[in-house]
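Quick one: sequence plus predicted model below, questions after.
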Amino acid sequence: MTKNDRRITIPELLIIALLSVGAAYLIQNHQSLSSEFREAPPPALAPETVRTEEADPAVIDWNSDMIYTELCRGIEAIEETITFPYDCTGEIFDVFHEVLADHPEYFWLTGSGSYTRKTSENGITVLFTPKILLPPEEVKARRAALETRVDDILVRAEAYGTIYDRLLFLHDLLVDDTEYDTVTAAMMFEDAMNDEISRSTGAYGCLVDRRAVCSGYAAAFQLLVQRLGIPCARVQGTEMKTGAPHEWNIVELDGEWYHIDVTWDDPVFSGDPAEGYCSYDYFCVPTDEIARTHVFEHDAIPPCTADTYGYYGINGLTLDSYDPAAADGLISRQVGLDCIRLKFQDEDALEPAVEDLIERRRIFEIPAVKALNVRSLRYSTSEMGTLTVWLLP
C-alpha cells in the first residue's frame, strides 16, 4: 500500500454518520418551515354568468303637433314618403287634413294618401305617402310662379292703410281677375281628380291661371289674407237652393269672425255681369245672414255674430226698414257712381222699397236722379236684403 492509500478509521466513520443525520434533519425542518409561510393559492373561481337582456324599443312621447310639424317639413321638401318613428296611424289622416286646411299653398296635394305600418325589434314605424299629381320639378316651377304672383298682389294690398281696405282690395281683385270655371265645376261630379281639376280647385288655378271654382277662390283668398297676418280659414258647406258643395272663408278682425264668400260676390253668381261690377252681399257678414243661402255646420267654426265690418254698414248704406226720405238721401249720395246700393234688414224690409222706388218709378223723382235726365234702369235684389240699381242713359 502506497503512502497515498489510507483507510478510514472507525472514529471517522462515526463522525461522518453524525454529520449526515444532522444535515437530513436540517433539510426536513427547513422544508416544514417553508410550507408554513408559503402563500396559499387563490380559490378556484366559479364560471362567470354573463346576462344579455335585449333592450326595449325606445318609446317616443309623441303628439299631434309633432305629426303636424313633420308633415309640413316633408311636404315642403316634396318628399315622396314621410317617416314617423312611432305609431300615429290613428291620427295621421286627421292631422294631414288639418295641414291642408291651414296651408292653401300646398296646391299639388290631392288630399288623399296612404300609409304603411312596420313593426320591428326597434319599434313601430309609419311611412306616409301623400298623393300628388305632379313630378317634383313641375311642383317647384308652379310654386315659383305662385309665389311671384302672391308677392305682386301683396305689395299692392299693403299700399292700403287699413286692414279693412286691404281685405276689400283682395276681394275685388279676385272677383275682377278670376273667371269662374264652369267646365271644371261640371267635371268635378263626373271625373276623378286630375291635374285640371286640381288646378281649378286650388290657389294656383285662381291666382296664376286666373280660373277657378269656389274652392279655388277660397284657397287663394285664404293664402293672401294669411300672408297679411290676418287669421283666415275655409268653410265647407252646400248651397241651400241646389244642395251643391260649396266653399268660402271666415276671417278674424278685432277678435270677431266674419264670413266672406268671394265666389258668390262674383257677377257670374249675382246675375249682373255689368262691366266692373262687384257684389258685396257676402263681404264680412255674420252667420245669421249667410245662413239664408248657405248650409254648414255652425259648431265647426267660430261664432260669427258681429256686423261691424260689413260693406254696407261701414259705408252707411243700411236701412232697417224702408223710409222714403232716408232712402232718397242714400240714393242721392251715390248718384254718379257705377251703381246705387241699399241694404235692408231682410227681404221683407226690402220689398216696400222695390215696390215704391222701382215699380212705381219714384226713384226718377229724386232731384239728384232727375238731374241726370235718365228714364230707364236695371236692378237686382238678393236674399241678403240688398237692392242694386243701375241708371241707364
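It's in.

Strands of this structure, residue ranges please.
82-84, 109-120, 123-132, 179-180, 211-212, 232-239, 245-253, 256-260, 283-285, 294-295, 318-319, 340-344, 376-381, 386-392 (DSSP state E).

highest average neighbour count across those strands?
strand 283-285 (a mean of 25; mean count of other CB atoms under 10 Å). Every residue, glycine included, has its C-beta placed from N, CA and C.

Provide the strand pairings for that strand, with the direction of each partner.
Its sheet considered, strand 283-285 pairs with strand 256-260 (antiparallel) by DSSP bridges.

Tell me what angle the strand it pairs with forms with strand 232-239.
50 degrees (axes from the mean of the first three to the mean of the last three CA atoms, to 10 degrees).

Tabulate the strands of the chain (JSON lines), appending distance to L170 and mean pLDDT.
Listed next are the strands of the chain as JSON lines, based on distance: least, CB to CB, whole Å; pLDDT from 0 to 100:
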{"stretch": "strand 82-84", "distance to L170": "32", "mean pLDDT": "97"}
{"stretch": "strand 109-120", "distance to L170": "24", "mean pLDDT": "94"}
{"stretch": "strand 123-132", "distance to L170": "28", "mean pLDDT": "95"}
{"stretch": "strand 179-180", "distance to L170": "17", "mean pLDDT": "94"}
{"stretch": "strand 211-212", "distance to L170": "14", "mean pLDDT": "96"}
{"stretch": "strand 232-239", "distance to L170": "10", "mean pLDDT": "97"}
{"stretch": "strand 245-253", "distance to L170": "10", "mean pLDDT": "97"}
{"stretch": "strand 256-260", "distance to L170": "9", "mean pLDDT": "98"}
{"stretch": "strand 283-285", "distance to L170": "11", "mean pLDDT": "98"}
{"stretch": "strand 294-295", "distance to L170": "20", "mean pLDDT": "98"}
{"stretch": "strand 318-319", "distance to L170": "23", "mean pLDDT": "97"}
{"stretch": "strand 340-344", "distance to L170": "20", "mean pLDDT": "97"}
{"stretch": "strand 376-381", "distance to L170": "24", "mean pLDDT": "94"}
{"stretch": "strand 386-392", "distance to L170": "21", "mean pLDDT": "95"}
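
Same list (those strands) but as a markdown table, adding distance to C304.
Shown next, in a markdown table, are the strands of the chain (distance: least, CB to CB, whole Å):
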| stretch | distance to C304 |
| --- | --- |
| strand 82-84 | 35 |
| strand 109-120 | 26 |
| strand 123-132 | 32 |
| strand 179-180 | 25 |
| strand 211-212 | 24 |
| strand 232-239 | 10 |
| strand 245-253 | 6 |
| strand 256-260 | 5 |
| strand 283-285 | 8 |
| strand 294-295 | 11 |
| strand 318-319 | 18 |
| strand 340-344 | 17 |
| strand 376-381 | 23 |
| strand 386-392 | 18 |
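
G205 is nearest to which of those strands?
strand 211-212 (4.7 Å; CB to CB).

Which elements pack onto that closest one?
strand 179-180 (3 or more CB pairs under 8 Å, 6 or more residues apart in numbering; DSSP states H and E).

Need the contact partners of the strand it packs on.
The contact list for strand 179-180 (CB atoms under 8 Å, 6 or more residues apart in numbering) reads 210-213, 263, 266, 268-269.

which of those residues are buried?
210-213, 263, 266, 269 (16 or more other CB atoms under 10 Å).

so who does the most centrally placed residue in the chain touch?
By CA atoms, centre = their mean, the chain has its centre lying nearest to D102, at 2.0 Å. Applying CB under 8 Å, 6+ apart to D102 gives the contacts A233.

For L127, see how far away it is.
Distance from D102 to L127, counting by CB to CB, to the nearest Å: 23 Å.

Same question for F84.
8 Å.

just R117 next, same as before
In terms of CB to CB, R117 sits 8 Å off from L127.

ok, now V225?
Taking CB to CB, one finds V225 at 35 Å from L127.

do the same with A77
Distance from A77 to L127, by CB to CB: 15 Å.

for A220, same thing?
32 Å.

cool, S279 as well?
Counting by CB to CB - S279 and L127 are separated by 48 Å.

got it, and I260?
Distance from I260 to L127, by CB to CB: 39 Å.

now do D348
Distance from D348 to L127, by CB to CB: 59 Å.

again with G329
Relative to L127, and taking CB to CB, G329 is found at 67 Å.

Kindly report the same for I82.
The value you get for I82 to L127, if CB to CB is used, is 8 Å.

can you check D172 too?
45 Å.

cool, and E91?
In terms of CB to CB, E91 sits 15 Å off from L127.

just to revisit the earlier point, of the contacts of strand 179-180, closest to H97?
Closest to H97, out of all of the contacts of strand 179-180 and judged by CB to CB, is V213, at 19.3 Å.

I'd assumed F189 was in contact with that closest one.
No - using CB atoms under 8 Å, V213 is not in contact with F189, being 11.2 Å away.

how far out from the middle of the chain is stretch 361-379?
Chain-centre distance of stretch 361-379: 50 Å, with CA atoms, centre = their mean, to the nearest Å.

which of the residues in it are buried?
Using 16+ other CB under 10 Å as the test for burial, stretch 361-379 gives 362-364, 366, 369, 377, 379.

try stretch 288-307
So stretch 288-307, judged by 16+ other CB under 10 Å, has buried residues 289-291, 293-294, 296, 301, 304, 306-307.

from those, which single one is nearest L357?
Nearest to L357 among the buried residues of stretch 288-307, with distances taken as CB to CB, is E289, at 22.4 Å.

how far away is the closest one from N315?
Relative to N315, and taking CB to CB, E289 is found at 16 Å.

Where do the domain boundaries of this protein fall?
Here the domain parsing of the chain from automatic domain parsing is 64-132, 133-314, 316-393.

Endpoint to endpoint, the shortest one covers what distance?
From the first residue to the last, domain 64-132 extends over 23 Å; the measure is CA to CA, to the nearest Å.

same check, this time on the longest one
End-to-end distance of domain 133-314: 44 Å, with CA to CA as the criterion.

The last one too?
Between the opening and closing residues of domain 316-393 we find a distance of 27 Å, counting by CA to CA.
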